[in-house]
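Asker: Any chance you can model this:
(2 chains)
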Amino acid sequence: MIKDTAASGNAGILSFVQALNIDRINRIVSSINRIVSSIVKPFSRFSTEGKIGIFGILCIILVAVFAPVITIYPPQKITGDSLEPPGPGHILGTDELGMDIWSQICYGARMSLTIGLAVAFIAGFGGGAIGILAGYIGGYIDQGLMRVIDVTMALPSFPLLIVISAFLGPSILNVILILVLFSWAKPARIARSQTLSLKKNSYIIAARNYGAKPFYLLWRHIFPEVLPVLFVLVIGISSHAIIAEAGLAFLGLGDPTSKSWGMMLNHATSFRSIYFTPYWKWWLLPPLFMLIFLLLCLAFISRDMERILDPKLKIKKGF
Amino acid sequence: MVNDRNSFIFRLLSTLFVILVINFFLPRMMPGDPFSTTSADEVGEDIIVMTEEQHLYYINYYGLDRPLPEQFLAYMKNLMTGNLGRSIYYKMPVSDVIVLHLPWTILIVVSATVISTISGVILGTLSAKNRKKGSDRIMMTCMIAFAEIPSFLLGLILLLIFGVYLRLFPLAGAVTPFANYNGLAEQILDISYHAFLPVLTLSLSQLTGVYLLTRNTLITVTTKDYIRTARAKGLGEKKVWIRHALRNALLPVVTRTGFTIGIMMGGVVLVENVFSYPGIGMTLRSAVVGRDYPLIQGILLVIAVSILICNLLVDKIYGKLDPRVVI
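Answerer: Here you go, the predicted model:
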């Protein structure tokens, strides 16, 4: 755009456009700065555990993204002998069909992360939006929603999860859908209670008296206040979703076409006499350790974020 | 308070109703005819082929040829009379299968609840007493890390360490197969030997919650005036902690125990499968693998009802412990 105007040779317009551009660029830069600093600032306040957690998650994300680069063999192809011990050919050995375990671990990370993120974001922000709206509107809608939330939270989620996926058939989409159905209630409830207490603040009442529309109020004043709390919940939900997926897959209810860590556990433990042979050392241990590592990282991060947000956050453990 | 209580009962009943509705609609929502599925998706899964007679039995049992409201009424009537249908896999009534396996689950869940509550309270008290020392911080970090490992992964680790590597405990089952016991004591010993690892797993996964709750409530309680009064009266430190502080700090622990049973019923399904422990969790898995739908539904119902009963019981006990709560 600048070049075009320069070619036309109109200096006045050029300087005007430049000023406008610089203004806009400045604004973009400052907003980028704001975003970066809003990420970096809390990071410096994280404890050592939290930093380890973030580092660990980053490593797992990198492994998941670059899975084709860091593995030699495709995860679902027979590339070696059955049950090879770890060696130069296959770093972590092979399973009973001769598939490479290291590849399965790397590609399995994708599955856990996808399910965790998808469920957490849909349930966390969807539930949060429902909660904010209900808290803001109040009245019968709010009362009705609270009843639904109470019931949803009282349902025995894991047994129901097993039964529903047994009936609907195992697929990633079903698992995500069911998990979302069971995990939206908590963020909705917390977003609602936050909205209720925010609504009474005098600055929001002032804004409303100045003629702010409900949508503007929700978007500019209430949502940014609720967001940090939702973010902590999102991490919690994602680790629940990862556990649930692993548990379902362990029971044999995972997507049979995928190679998730839970499926690896299922295959390894349903292998006859796995415990009487040395195979468990390279077949069962890697997915087990990866799952625990991922969950611990998430837990460290969420604990730290809870601590940082503590003044605003009234969630007690065991809620 | 009365209003609160009504809403509590209302919540339990509506939860039960939702579960019944889900249970009723699930087999009917499945695409096509739910009982003609004979494919096996899994390597090593047994292919269950239904005979024509069985197929007709299921169509008839679920009354799939009648209108929906009539089906629902018939379903409720069957439930009320305790008729949960017949299991395909075990070839006997679902209720009999459940009665056969439920005691094992109750055994490990109840013992894990008792053990985790008692040890959690003891550890929490110790921790609250020494809260300014470094040892407490280390203990707390360890406990928190423990709490984040889901119970079935913890169970796998314990199984690998104690069952496979050290060979101290059995890998599967609830009793030694084909054992002849010389007396009751030996039988009890055998059962607890087999139940040890599952109970340990469940207890460890619940321990942290109790521990943190006891610790936090105790820390709040000990700042109260009546504790200072008790000390000023010249009561011994032991008496202050146990008779005055702990007694009040235990109230939330009781409430929590009821809710943890609900969480544990989810975990126990997986833990039983890790240890091949013949409770309803393992039955549920074999029912899922064998597509034994009536059994799956029966087990879900039993789990849900037992959780609701626990919540109700806790509510009653709480009323007894804290006279301020009006029942």
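Asker: Can you tell me the SS state at the residue lying closest to B:R215 once chain neighbours are set aside?
Answerer: Spatial nearest neighbour of B:R215, chain neighbours left out: B:G124 (4.2 Å); criterion: C-beta to C-beta, 6 or more residues apart in numbering or on different chains. To be clear about C-beta, it is placed using only N, CA and C from the backbone, and glycine gets the same treatment. The three-state label given to B:G124 by DSSP: H, G, I helix; E, B strand; the rest coil is helix.
Asker: these two touch, right, B:G124 and B:V210?
Answerer: Yes. Between B:G124 and B:V210 a contact is recorded at 6.8 Å, counting by C-beta atoms under 8 Å.
Asker: what does the stretch 51-200 of chain B put close to chain A?
Answerer: B:141, B:144-145, B:148-150, B:152-153, B:156-157, B:159-160, B:163-164, B:171 (C-beta under 8 Å from any C-beta of the partner chain).
Asker: if I look at A:E84, how far off is A:K281?
Answerer: Distance from A:E84 to A:K281, counting by C-beta to C-beta, to the nearest Å: 12 Å.
Asker: Can you tell me the element the residue of the stretch 151-300 of chain B found nearest chain A falls in?
Answerer: For the stretch 151-300 of chain B and chain A, the shortest gap (C-beta to the nearest C-beta) falls at B:G266, measuring 3.1 Å. Element membership for B:G266 (DSSP states H and E) is helix B:247-274.
Asker: Average pLDDT for whatever helix or strand comes next after that helix, rounded please.
Answerer: Remark: after helix B:247-274, the chain's next helix or strand is helix B:280-289, criterion DSSP H and E. For helix B:280-289, mean pLDDT is 87.
Asker: just stretch B:116-134 next, same as before
Answerer: On average, stretch B:116-134 scores 87.
Asker: Next: stretch A:200-210.
Answerer: 87.
Asker: Tell me which residues are up against that stretch.
Answerer: A:198, A:217, A:221-222 (C-beta atoms under 8 Å, 6 or more residues apart in numbering or on different chains).
Asker: still on that earlier bit, verify the contact between the residue of the stretch 151-300 of chain B closest to chain A and A:L155 for me.
Answerer: No. Judged on C-beta under 8 Å, B:G266 makes no contact with A:L155 at a distance of 10.5 Å.
Asker: So which of those two has more stuff around it?
Answerer: B:G266 (23 against 20; other C-beta atoms under 10 Å in any protein chain shown).
Asker: any idea how far stretch B:140-160 is from the chain center?
Answerer: Relative to the centre of its chain, stretch B:140-160 is centred 17 Å away, using C-alpha atoms, centre = their mean, to the nearest Å.
Asker: How about stretch A:70-82?
Answerer: 29 Å.
Asker: buried ones in that stretch?
Answerer: Buried residues in stretch A:70-82, counting neighbours by 16 or more other C-beta atoms under 10 Å in any protein chain shown, are found at A:71, A:73, A:75, A:79-80.
Asker: residues touching B:L246, list them.
Answerer: B:121, B:125, B:218.
Asker: give me the number of residues near the first one?
Answerer: A count of neighbours around B:V121, defined by other C-beta under 10 Å, yields 20.
Asker: Tell me which residues touch it, please.
Answerer: B:210, B:214, B:246, B:250, B:253.
Asker: TSV for the buried residues of stretch A:70-82, including distance to A:L285?
Answerer: Listed next are the buried residues of stretch A:70-82 as TSV, based on distance: C-beta to C-beta, whole Å:
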residue	distance to A:L285
A:T71	18
A:Y73	20
A:P75	18
A:T79	21
A:G80	19
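Asker: Next one: the closest residue to chain B within chain A relative to A:S37, how far apart?
Answerer: Proximity to chain B, evaluated over chain A using C-beta to the nearest C-beta, is greatest for A:F158 at 3.1 Å. Per C-beta to C-beta, A:F158 is found 40 Å from A:S37.
Asker: Could you do B:F178 as well?
Answerer: For B:F178 relative to A:S37 (C-beta to C-beta), the value is 70 Å.
Asker: any idea which helix or strand comes after the helix or strand hosting B:I188?
Answerer: B:I188 belongs to helix B:184-221 when elements are defined using DSSP H and E. Downstream of helix B:184-221, the first helix or strand assigned by DSSP H and E is helix B:225-232.
Asker: okay, the angle between that following helix and helix B:184-221?
Answerer: Between helix B:225-232 and helix B:184-221, the angle comes out at 100 degrees (axes from the mean of the first three to the mean of the last three C-alpha atoms, to 10 degrees).
Asker: Show the average pLDDT along helix B:225-232.
Answerer: Mean predicted confidence for helix B:225-232 is 88.
Asker: mind checking pLDDT for residue 28?
Answerer: Looking at chain A here, since you left the chain open. Reported pLDDT for A:I28: 76.
Asker: wrong one, chain B
Answerer: Per the predicted model, pLDDT is 71 at B:R28.
Asker: Which secondary structure element is home to it?
Answerer: helix B:2-29.
Asker: does any part of that helix sit near chain A?
Answerer: Yes. Counting by C-beta under 8 Å from any C-beta, chain A is contacted by helix B:2-29 at B:11-12, B:14-15, B:18-19, B:22-23, B:26-27, B:29.
Asker: for A:K199, what are its contacts?
Answerer: A:135-136, A:222.
Asker: among the residues you listed, who's most crowded?
Answerer: A:G135 (24 neighbours).
Asker: and it, which of the three is it?
Answerer: Per three-state DSSP, A:G135 ends up helix.
Asker: Disregarding residues adjacent in the polypeptide, which is nearest to A:F158?
Answerer: Per C-beta to C-beta, 6+ apart, closest to A:F158 is B:G266, 3.1 Å.
Asker: so who does the one you found touch?
Answerer: B:G266 touches A:156-159, counting by C-beta under 8 Å, 6+ apart.
Asker: Among the residues you listed, which one is most surrounded by other residues?
Answerer: A:P159 (26 neighbours).
Asker: tell me the mean pLDDT for stretch B:302-310?
Answerer: 86.
Asker: Would you mind listing the buried residues in it?
Answerer: For stretch B:302-310, by 16+ other C-beta under 10 Å, it's B:302-304, B:306-308, B:310.
Asker: Kindly reformat the residues you listed as TSV containing distance to B:Q187 and secondary structure.
Answerer: Output for these, formatted as TSV (distance: C-beta to C-beta, whole Å; DSSP: H, G, I helix; E, B strand; the rest coil):
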residue	distance to B:Q187	secondary structure
B:V302	26	helix
B:I303	28	helix
B:A304	32	helix
B:S306	26	helix
B:I307	30	helix
B:L308	33	helix
B:C310	28	helix
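Asker: Those residues: which ones sit near chain A?
Answerer: Within the buried residues of stretch B:302-310, those near chain A by C-beta under 8 Å from any C-beta are B:303-304, B:307.
Asker: So the residue nearest in space to the middle of chain A, which state does it fall into?
Answerer: With distances taken as C-alpha atoms, centre = their mean, the residue of chain A nearest its centroid is A:L117 (3.0 Å). Following three-state DSSP, the label given to A:L117 is helix.
Asker: contacting residues around whatever residue of the stretch 1-150 of chain B ends up closest to chain A?
Answerer: Nearest residue of the stretch 1-150 of chain B to chain A (C-beta to the nearest C-beta) works out as B:E148 at 3.8 Å. B:E148 makes contact with A:239, A:295-296, A:298-299 under the criterion C-beta under 8 Å, 6+ apart.
Asker: mind giving me CSV with the residues you listed and columns for pLDDT, secondary structure and distance to B:V94?
Answerer: What follows is those, written out as CSV (pLDDT from 0 to 100; DSSP: H, G, I helix; E, B strand; the rest coil; distance: C-beta to C-beta, whole Å):
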residue, pLDDT, secondary structure, distance to B:V94
A:S239, 90, helix, 35
A:L295, 91, helix, 35
A:L296, 90, helix, 40
A:L298, 90, helix, 39
A:A299, 88, helix, 39
